[in-house]
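Participant: No letters, just coordinates:
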């Protein structure tokens, strides 16, 4: 057996502690699979004195995280600090510049700086690996980088944020409204104290941008992801979707089409969608994640599992370490950064889809006529329309409708025609219907 | 870019033709991802003159398959001939002995000769890859070899035979009986003219033995797989399962327990099971395959997709070729053959499970008393029992029951007590209930 792979680990939060626990628990097995021992030699975190429930006395300590990269006894650096910039990025750069492989679970950092980091790694022929940055314990970065590598992918889409999926599926099970379930999720630790990144779709957007780069050979472009979160979804929408045969899920989706200039254009968006109950993603409940990749030869592949948490994320981090121990380097985004294609974002207005629309309206005569006239004038064809049972006179009521398939821009135009209308008491909610 | 990877391909059936089509169709993309061109230089098959719908004139031809291995212009051999021995094995040995990497889709050959072939590959430090041998286009060999590599796996189980799954899910949808659906599946090409290997569970057993070796570091042991096929499942069983909240699927399952001598013992079995409708495997319909791996850190992971067919299988073969082009060799079974653990088969009689039992009985007084007495005497506790509506006097009737959780051996003992009973007009059917 070869020399041990000596690890310097920065960040001792949930995932960092999980990685140390995993390496201790599965030690012999990791050595057998990696062909060499995985050995944590030094760690670093913001606060040395905090009790983390594990014994750190066997490991060296660095107050300065970046110093891990320059230790002679560290072969590979694991960054579990978090944050797109600051100490995490400083450490990542220091490691790669020192010619040491880097493993990270940091989706924000990879989404923002992945190309620059990958260029540094490629220039020095060292590994940059980030399996844990996308979909927790599910090996989907490897799945797309290597598993589906023979395919031109047609679409990649899935459920990439466990917090939103927990909230939506709990709303579904309990009939409770968003705010109530969010508060409960925070109490249980399924949602952060500041849940903005999760519920506004930013976290899913980070992950989607990474998958798009790997799957389509596109230059990573986080800024072009269009993300809509789940804060506007009401219990009534979920009930309405159920009646129609759907569940609501936050779906991240990316594909490539030919742009108007003939060059490939990249669609990347995160939106709550109506998912047909028979679709594999409809049965993905709680904090589970799932990714579908549709290849031109493989057909539809589904990867599903725990999207976050100590164990699953540690599992992904250590799988990357085993790859490094096995000397499997490879381009971080499947093909070298210099050969990735810069793709403009698509203008998806021409795309055909069915849409669920929900209006919050004043309960008075003429409202339905106004809405349906706007639909007609924009060329939107209505498949079904439900005005929910009239409450007391003068209160708000919800009007929900499903359109026939039509170009996305027609729905946008209809909504523009209704802008400023006194009939609408709140902005309408637009949820696309995911094709089966 | 490096030199092309020059491929010699044997076997021009569905999968072989698929590989050639894939390499032609996705040519530029494969070069980008592999870092070098994938180039088929020579092919071989039993009959040169057969029209396969593709132009083979650009490729060299060998009448003798094994000659592919000795061609100077072949860097890697792809074996798509099939059969556990004969020309396939001869070619595989020739390739590895010549120090050339081998890619194969041949589950029977790997199940029977995988260790010997892997030893040859390891001795020469060349790759032996067989992603396409298990679950078609689903990257589950890679998933277990690399994706879950940080975990001690607790169980691996899933749906590994598309033909059986097509038959069972079609029986479910149509209410038709086994023989009828099998005939239809044969007409549609979903089942072979001789379907024995599929419907008796042998094909699933081949794949299971391969997954067990990779997942548990066990010496591959196909002969110890206990396989029961689906030929005894009646439409009435499927209807009964439905009433109880289950579907019937052919489930391949493997795990490791401590044997009575303290050494690890390997469970490998293929059985039709009742699967709770809420379980992810219950919604796997048609010829789809799915594999669940439960890791001690990752938790439950699911890999799902097309289990067979030209495109998906070709996708898996070419993914292996890309790995080889990227110079990712590694031990075929994740750890070197010499370090795999020989494990005795388990005697699973002590295992606790709930069981569905169906008796075909003569319609006369005392039959139920006899069956329930045998259950009582063997210590089997009955949770529910349904005798289906009495048809005309003197005909056979079905008695179905579900047991409470109990040791497997108790059910076997009860059946032994009933052996030779004149009340039973056919052998009983025993289907375990998969825990949620």
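Facilitator: Everything's here; your move. Keep in mind it's a predicted model, so treat the numbers as computed, not measured. Numbering: from 1, shown residues only, chains lettered A, B, ... in the order given.

Participant: how about the helices in the stretch 101-250 of chain A?
Facilitator: With DSSP state H, counting those that start in this stretch, the ranges of helices along the stretch 101-250 of chain A come out as A:107-124, A:140-142, A:162-174, A:178-188, A:196-199, A:202-216, A:235-244.

Participant: Make JSON lines out of those and add mean neighbour count.
Facilitator: (Glycine included, C-beta is placed from N, CA and C.) Output for those, formatted as JSON lines (neighbours: other Cβ atoms under 10 Å in any protein chain shown):
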{"stretch": "helix A:107-124", "mean neighbour count": "21"}
{"stretch": "helix A:140-142", "mean neighbour count": "28"}
{"stretch": "helix A:162-174", "mean neighbour count": "22"}
{"stretch": "helix A:178-188", "mean neighbour count": "16"}
{"stretch": "helix A:196-199", "mean neighbour count": "20"}
{"stretch": "helix A:202-216", "mean neighbour count": "28"}
{"stretch": "helix A:235-244", "mean neighbour count": "18"}
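
Participant: distance of the residue positioned nearest the centre of chain A from chain B?
Facilitator: In chain A, the C-alpha nearest the mean C-alpha coordinate belongs to residue A:204, at 2.6 Å (Cα atoms, centre = their mean). Separation of residue A:204 from chain B (Cβ to the nearest Cβ, to the nearest Å): 20 Å.

Participant: show me the contacts for that residue.
Facilitator: A:160-161, A:164, A:227, A:250, A:252, A:270 (Cβ atoms under 8 Å, 6 or more residues apart in numbering or on different chains).

Participant: redo that, cut-off 10 Å
Facilitator: A:107, A:134, A:158-165, A:197-198, A:225, A:227, A:229, A:250-252, A:269-271, A:289 (Cβ atoms under 10 Å, 6 or more residues apart in numbering or on different chains).

Participant: any chance of the helices of the stretch 101-250 of chain A in CSV, plus mean pLDDT?
Facilitator: Converted to CSV, the helices of the stretch 101-250 of chain A look like this (pLDDT from 0 to 100):
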stretch, mean pLDDT
helix A:107-124, 98
helix A:140-142, 98
helix A:162-174, 96
helix A:178-188, 93
helix A:196-199, 96
helix A:202-216, 98
helix A:235-244, 95
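
Participant: Distance of the spatially closest residue to residue A:25 that is not a sequence neighbour relative to residue A:212?
Facilitator: In space, and not counting its chain neighbours, residue A:25 is closest to residue B:296: 7.1 Å by Cβ to Cβ, 6 or more residues apart in numbering or on different chains. For residue B:296, the distance to residue A:212 equals 32 Å [Cβ to Cβ, to the nearest Å].

Participant: Can you give me the pLDDT of the nearest residue to residue A:162 once chain neighbours are set aside?
Facilitator: Once flanking residues are discounted, residue A:162 sits nearest to residue A:287: 3.4 Å by Cβ to Cβ, 6+ apart. In this model, residue A:287 is scored at 92, pLDDT.

Participant: Then residue A:191?
Facilitator: According to the prediction, residue A:191 has pLDDT 87.

Participant: How about it, nearest residue that isn't a chain neighbour?
Facilitator: residue A:185 (3.9 Å).

Participant: wait, isn't residue A:169 in contact with residue A:275?
Facilitator: No. Counting by Cβ atoms under 10 Å, residue A:169 stays clear of residue A:275, with 11.2 Å between them.

Participant: can you list residues touching both of those two?
Facilitator: Joint contacts of residue A:169 and residue A:275 (Cβ under 10 Å, 6+ apart) are A:159, A:247-249, A:282-284.

Participant: Quick check: the farthest pair among these?
Facilitator: For the shared contacts of residue A:169 and residue A:275, the farthest-apart pair by Cβ to Cβ is A:248 and A:283; their separation is 13.6 Å.

Participant: Those two - which one has more neighbours?
Facilitator: Regarding residue A:248 and residue A:283, a neighbour count based on other Cβ atoms under 10 Å in any protein chain shown identifies residue A:248 as having more, with 24 against 20.

Participant: Give the bridge partners for that one, please.
Facilitator: Beta bridges link residue A:248 to residue A:274 when assigned by DSSP bridges.

Participant: That one and residue A:356 touch, don't they?
Facilitator: Yes. If you go by Cβ under 10 Å, residue A:248 and residue A:356 touch, sitting 8.8 Å apart.

Participant: need the residues of the stretch 1-150 of chain A near chain B, please.
Facilitator: For the stretch 1-150 of chain A, the residues in contact with chain B (Cβ under 10 Å from any Cβ of the partner chain) are A:1, A:18-19, A:21-23, A:25-26, A:28-35, A:38, A:131, A:136-150.

Participant: Fine, thanks again, bye for now.
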